[in-house]
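*Asks:* Kindly return the folded structure for what I paste below:
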Amino acid sequence: MAKPKLLVILGPTASGKSDLAIKLAQKFKGEIVSADSRQVYRGMDIGTGKVLRDRPSPKNKYYSEGIRHHLLDVASPLIYFSLSQYQRLALKAIKEIWKRKKLPILCGGTGLYLSCLIEGWQLPNVPPNPKLRQKLEKLSTEKLFEKLKKIDPQAANQIDKKNKRRLIRALEIASQNGFVPPLLKKPPDWDILILGIKKEKQELKNLIKKRLEKRLKEGMVEEVKNLKAKGVPSQRLDDFGLEYRWLNRYLEGKISYPEMVQFLYRDIYHYAKRQMTWFRNKIKNIHWIENEKEAQALVLKWLKSTP
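*Replies:* Modelled structure (predicted):
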């Protein structure tokens with residue numbers, strides 16, 4: 001019996017993943033599953049590059065250019081959305097797409113989201129603890145790291161000590177289990193093709209700048225104003241990083257508009273570099289491509305094969 005197929009499209013921010021995913025979905029009867037850690041939140045559209053869509057109520061299905069999208073707007077920006085929650089919902093979406101005899105296309109740049117599905121991470125089933133989170137949110141990353149170090153030195157040794165969200169989640173798990181269990185992997189029995197979009201340094205910088213200018217014209221400042229009006233606190237916006245961090249600081253009068261644009265451009269490019277480091281070091285068997293023609297040829301060959 002042939003293995004179920006999953007197409008993965010990854011690449012640095014602003015490289016054109018979403019456009020390529022839509023084109024391949026149109027050609028090969030696919031549906032798209034977002035692998036973006038901020039597109040899961042409602043009200044965060046322009047800053048996350050969420051696709052334009054039609055939302056037929058009450059089913060709340062999302063479409064762009066006739067292609068159905070999944071894992072958009074599944075959480076409130078006021079509440080932390082865990083990796084295990086993402087994994088559970090993404091697996092459900094992928095299986096539903098297979099049932100409809102269509103090709104699931106996992107598309108995004110969040111390394112953890114991609115890896116947890118591709119490698120079959122066995123994540124601890126610990127539900128969010130709102131009261132504990134509220135207390136932990138008030139602490140600095142340094143204090144969070146020290147707390148984790150006291151509870152579970154081994155986990156502290158393996159975590160990114162500057163990633164506040166991951167530190168809080170680790171402490172949440174440790175508060176229930178007494179420790180953070182080691183990560184176990186059970187690779188899924190799927191036929192996976194991974195396409196990575198390759199861009200030269202200067203080209204990527206130009207794309208980032210062009211996209212940033214476009215999003216600011218589209219009303220990204222207003223979007224952050226709306227989030228603040230709906231009660232999303234400054235600390236939460238800061239934790240979302242990039243657009244939401246610097247726009248919030250601008251709106252609070254901490255920096256000027258030109259400074260905000262300058263810091264944003266710098267940080268988005270640094271983020272793109274971190275994404276590429278993750279892809280190269282953590283994800284195996286990536287087929288790096290430069291254009292749609294290369295992608296189509298690889299997908300066509302892969303679909304015809306039966307592992």
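*Asks:* neighbours of the closest residue to residue 38 other than its chain neighbours, just the number please.
*Replies:* Nearest non-adjacent residue to residue 38, counting by CB to CB, 6 or more residues apart in numbering: residue 48, 4.4 Å away. All C-beta atoms are positioned from the backbone trio N, CA, C, and that covers glycine. Using other CB atoms under 10 Å, residue 48 has 21 neighbouring residues.
*Asks:* Provide the secondary structure category for the residue nearest in space to the middle of the chain.
*Replies:* Central residue of the chain (CA atoms, centre = their mean): residue 36, 2.1 Å from the mean position. Classification of residue 36 by DSSP: H, G, I helix; E, B strand; the rest coil places it in coil.
*Asks:* you'd agree it is up against residue 113?
*Replies:* Yes - the pair residue 36 / residue 113 is scored as a contact, 7.3 Å apart, by CB atoms under 8 Å.
*Asks:* so who does residue 28 touch?
*Replies:* 7, 103, 299-300, 303 (CB atoms under 8 Å, 6 or more residues apart in numbering).
*Asks:* Tell me how far it lies from residue 292.
*Replies:* When distance is defined by CB to CB, to the nearest Å, residue 28 is 12 Å away from residue 292.
*Asks:* Note down every partner strand of the host helix or strand of residue 7 and its orientation.
*Replies:* For residue 7, the host element (DSSP states H and E) is strand 5-10. Take DSSP bridges as the rule and strand 5-10 pairs in its sheet with strand 103-107 (parallel), strand 191-197 (parallel).
*Asks:* can you give me the helices in the stretch 51-200 of the chain?
*Replies:* Secondary structure of the stretch 51-200 of the chain by DSSP state H, counting those that start in this stretch: the helices cover 83-99, 111-118, 130-137, 141-151, 153-158, 164-177.
*Asks:* Can you say which of the ones you listed is nearest to residue 42?
*Replies:* helix 83-99 (14.3 Å; CB to CB).
*Asks:* between that closest one and strand 103-107, how many degrees?
*Replies:* Angle between the axes of helix 83-99 and strand 103-107 is 150 degrees (criterion: axes from the mean of the first three to the mean of the last three CA atoms, to 10 degrees).
*Asks:* can I see the domain layout of this protein?
*Replies:* According to automatic domain parsing, the chain comprises the domains 5-123+184-304, 130-177.
*Asks:* which stretch in these is the model least sure about?
*Replies:* In terms of average pLDDT, domain 130-177 trails the rest of the domains of the chain, at a mean of 89.
*Asks:* distance between the ends of it?
*Replies:* End-to-end distance for domain 130-177, by CA to CA, to the nearest Å: 17 Å.
*Asks:* Ok, stretch 67-76 next?
*Replies:* End to end - CA to CA - stretch 67-76 spans 24 Å.
*Asks:* ok now it, how far from the chain's centre?
*Replies:* 12 Å (CA atoms, centre = their mean, to the nearest Å).
*Asks:* same question, stretch 28-40
*Replies:* Relative to the mean C-alpha coordinate of its chain, stretch 28-40 is positioned 9 Å out (CA atoms, centre = their mean).
*Asks:* Pull out the buried residues from it.
*Replies:* Under the neighbour-count criterion of 16 or more other CB atoms under 10 Å, stretch 28-40 has 28, 30-40 buried.
*Asks:* residues contacting the nearest residue to residue 91 once chain neighbours are set aside?
*Replies:* Leaving aside its chain neighbours, residue 91 sits nearest to residue 117 (7.1 Å; criterion: CB to CB, 6+ apart). Shown in contact with residue 117 (CB under 8 Å, 6+ apart): 35, 87, 90-91, 94, 106, 188.
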